[in-house]
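Visitor: turn this into a structure:
(chains A and B)
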Amino acid sequence: MSRKTGARQVMKTTEREPQRQKVCPPNWLPNLSILEELKKNSSGGWKECRPFVYCRVSHILDTPPSHLAAPSRLNWLGCCFCRSLYLHCPSRERGMPQGGPSGELSLTTWFDEEFLETKEQLQKLQDGNHLLFQQVPMVEIDGMKLVQTRSILHYIADKHHLFGKDLKERTLIDMYVEGTLDLLELLIMHPFLKPDDQQKEVANMAQKAIIRYFPVFEKVLRGHGQRFLVGNQLSLADIILLQTILALEEKIPNILSAFPHLQEYTVKISNIPTIKKFLEPGSKKKPPPDDIYVRTVYNIFMP
Amino acid sequence: MAGKPTLHYFNGRGRMECIRWLLAAAGVEFEEKFIEKPEDLDKLKNDGSLMFQQVPMVEIDGMKLVQTRAILNYIATKYNLYGKDMKERALIDMYSEGVEDLGEMIMHLPLCPPDQKDAKIAQIKERTTNRYFPAFEKVLKNHGQDYLVGNKLSKADIHLVELLYYVEELDPSLLANFPLLKGLKARVSSLPAVKKFLQPGSQRKPPMDEKNLEEAKRIFRIK
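Guide: I've put the predicted structure just below:
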């Protein structure tokens, strides 16, 4: 059975399915047999394509949204239910996606969000035993209810090949991420400080960034002259650093003025197609915290 | 083969103790270079040995690792204490992070202003008995296995047992209603490497007292 036939067969199944839903029905199990079929029938290495995503449901499929601009010799499979995408390279030799290191063509993993707005909603999650330590964030992924920000980040990074190629690279990424998260933590807590303390804290964040953290990354980039922090490919370290830089720039616009390599780096990483899309208006990226945000958080989380 | 890992920190628990526990449980001998005065810390900073000008720092396998979690993850991976696949790693991470959250509260207790201390202790006890201990007890109950993840010792078990000892120091009665946690504590404590670490004269550090606190404040220039 050729790959094409396999795909067509599956599409027939899809046509019989009820109309498209936005969210994967939580009780459905991944239909791995379809993926296995496609893998078997392909001449190319699925494993060579990095990164790719397993849809929870594994139902197929349609042409990808045009804005993703996939090269034509690659076949995209998009789940019409949870909208996760597969990248199937037709042959091993032609396996490398066009457009540069595989980091550039990392797939968009679609995700859905359930927003908490009231204390009762949080209570419901807690009473339903969905939250291991009664806390959010919580991400339902691959049949698990993951909590604890770092665990979630690590799992996603692992799964999507954003954690380096070996233990040494992974450890370097870990160190950079942990350092950056220390700085990001200050930004996260900032809206909840007393108004009098907020201004002082901006100065503290700026100082930490300029004296402790940015020099490290500037030196790393200057040292190896590569586009990414570790191993010449996109990793969790780049993503967390970019997020932190952009969030800091909202408060201190010229924070990068003494760091030319970081400036160039920020532009380059921001232009990676998936990231660029996320930075555009209308994406799921959340806006800077405002008073409504602070009030909502207090309403939900204060005892 | 590389020599023993060298730990750079002051002579107290702080953020290095979980690393000491993990190395000890893995049966890895290590050396310690204690920071005794602010000048020692300055020297490490000026040497370029500390990536973010902070300790803990562990010299291991030709690297100068910083950031507690990065160090723990490296040691756990190297000594097979991090599960067998991504999903087990995710569980181990989740459990370790929960332990770390409670551990952080306990670690900061000595720095708490005296008028807030009682409230803080009450909060720690409440979280322990209502949030964290029930979560881990349930994990053990659900699968009925000897260890938290994958029926095998992992860093999650070691971190949790370390925490159980600290909770016991705070209030021994807190563990009373959690038989499976008590079982885990006994089981892990009787592993030869851990048993050795628990004996007097090992590199395990005692609870922080006034003197230790003053020393730490002096070294890290905390007011």
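Visitor: quick one, domains of chain B?
Guide: Here the domain assignment for chain B is B:6-79+B:197-210, B:86-190, based on the TED database.
Visitor: any buried residues in the longest helix along chain B, and which?
Guide: Longest helix in chain B, counting residues (DSSP state H): helix B:86-107. Neighbour counts using 16 or more other Cβ atoms under 10 Å in any protein chain shown place B:87-100, B:102-103, B:105-107 of helix B:86-107 among the buried residues. For glycine as for every other residue, the C-beta is placed from the backbone atoms N, C-alpha and C.
Visitor: between the domains of chain B, which one is nearest to residue A:218?
Guide: With Cβ to Cβ as the measure, domain B:6-79+B:197-210 is the member of the domains of chain B nearest residue A:218 (13.0 Å).
Visitor: enumerate the residues of chain B near chain A.
Guide: Contact residues (Cβ under 8 Å from any Cβ of the partner chain) of chain B with chain A: B:51-53, B:63, B:65-70, B:73-74, B:77-78, B:86-87, B:89-90, B:93-94, B:97-98, B:101, B:131-132, B:135.
Visitor: I figured residue A:141 hits residue A:155, correct?
Guide: Yes: with contact defined as Cβ atoms under 8 Å, residue A:141 and residue A:155 form a contacting pair (7.1 Å).
Visitor: more neighbours: which of these two?
Guide: For residue A:141 and residue A:155, the more surrounded residue by other Cβ atoms under 10 Å in any protein chain shown is residue A:155, and the numbers stand at 23 against 16.
Visitor: how about residue B:33, secondary structure?
Guide: When classified by DSSP: H, G, I helix; E, B strand; the rest coil, residue B:33 comes out as strand.
Visitor: OK, contacts around it?
Guide: With contact taken as Cβ atoms under 8 Å, 6 or more residues apart in numbering or on different chains, residue B:33 is in contact with B:6-8.
Visitor: can you name the residues bridging to it?
Guide: residue B:8 (DSSP bridges).
Visitor: which stretches of chain B aren't confidently modelled?
Guide: B:1-2 (pLDDT under 70).
Visitor: the helices in it, which residues?
Guide: So, for chain B - with DSSP H - the helices run B:17-25, B:38-47, B:68-78, B:86-107, B:114-127, B:133-143, B:155-170, B:179-189, B:192-198, B:210-220.
Visitor: so what does the second one touch, helix or strand wise?
Guide: Applying 3 or more Cβ pairs under 8 Å, 6 or more residues apart in numbering or on different chains; DSSP states H and E, one finds that helix B:38-47 contacts helix B:210-220.
Visitor: by contact count, what packs against the helix it packs on?
Guide: Helix B:210-220 sits against helix B:38-47, with contacts defined as 3+ Cβ pairs under 8 Å, 6+ apart.
Visitor: which other residues reach the helix it packs on?
Guide: Under Cβ under 8 Å, 6+ apart, the answer for helix B:38-47 is B:8, B:35, B:50, B:53, B:55, B:57, B:218-221.
Visitor: may I see the buried residues of the strand or helix carrying residue A:261?
Guide: Assessed by DSSP states H and E, residue A:261 sits inside helix A:260-270. Using 16+ other Cβ under 10 Å as the test for burial, helix A:260-270 gives A:261-262, A:265-266, A:269.
Visitor: now do the same for residue A:140: helix, strand or coil?
Guide: Assignment for residue A:140 (three-state DSSP): strand.
Visitor: now it: how far from residue A:130?
Guide: For residue A:140, the distance to residue A:130 (Cβ to Cβ, to the nearest Å) stands at 8 Å.
Visitor: next: residue A:294.
Guide: Going from residue A:294 to residue A:130 by Cβ to Cβ gives 25 Å.
Visitor: same thing with residue A:302?
Guide: Counting by Cβ to Cβ - residue A:302 and residue A:130 are separated by 21 Å.
Visitor: look at the two and report which has more neighbours.
Guide: residue A:130 (14 against 7).
Visitor: neighbours of the residue in the stretch 1-150 of chain A that chain B sits nearest to, just the number please.
Guide: In the stretch 1-150 of chain A, the residue that lies nearest chain B is residue A:148 (3.7 Å; Cβ to the nearest Cβ). Using other Cβ under 10 Å, residue A:148 has 22 other residues around it.
Visitor: what's the answer for residue B:14, then?
Guide: Per other Cβ under 10 Å, the neighbour tally for residue B:14 reads 18.
Visitor: how about residue B:16?
Guide: 22.
Visitor: look up how far chain A lies from it.
Guide: To chain A, residue B:16 is 15 Å away according to Cβ to the nearest Cβ, to the nearest Å.
Visitor: which residues outside stretch B:149-158 are in contact with it?
Guide: The contact list for stretch B:149-158 (Cβ under 8 Å, 6+ apart) reads B:21-22, B:25, B:72, B:75-76, B:81-84, B:88, B:91-92, B:95-96, B:99, B:143, B:145, B:147-148, B:184, B:188, B:191, B:194.
Visitor: any residues of the stretch 1-150 of chain A in contact with chain B? List them.
Guide: A:132-134, A:142, A:144, A:146-150.
Visitor: swap the cut-off to 6 Å and go again
Guide: A:132-134, A:147-148, A:150 (Cβ under 6 Å from any Cβ of the partner chain).
Visitor: got the buried residues for stretch B:110-120?
Guide: So stretch B:110-120, judged by 16+ other Cβ under 10 Å, has buried residues residue B:110.
Visitor: local confidence estimate at residue A:109?
Guide: As predicted, residue A:109 sits at a pLDDT of 60.
Visitor: residue contacts, residue A:227?
Guide: By Cβ atoms under 6 Å, 6 or more residues apart in numbering or on different chains, residue A:227 lies in contact with residue A:268.
Visitor: looks to me like it is in a strand.
Guide: No: Residue A:227: not assigned to a strand; according to three-state DSSP it is coil.
Visitor: how about the helices in the stretch 101-250 of chain A?
Guide: Under the criterion DSSP state H, counting those that start in this stretch, the stretch 101-250 of chain A contains helices at A:119-127, A:149-159, A:167-189, A:195-207, A:214-224, A:236-251.
Visitor: what residues does the fourth one touch?
Guide: Taking contacts as Cβ under 6 Å, 6+ apart, the residues outside helix A:195-207 that touch it are A:186, A:190, A:193, A:251-252.
Visitor: that helix vs helix A:236-251, what angle?
Guide: Between helix A:195-207 and helix A:236-251, the angle comes out at 130 degrees (axes from the mean of the first three to the mean of the last three Cα atoms, to 10 degrees).
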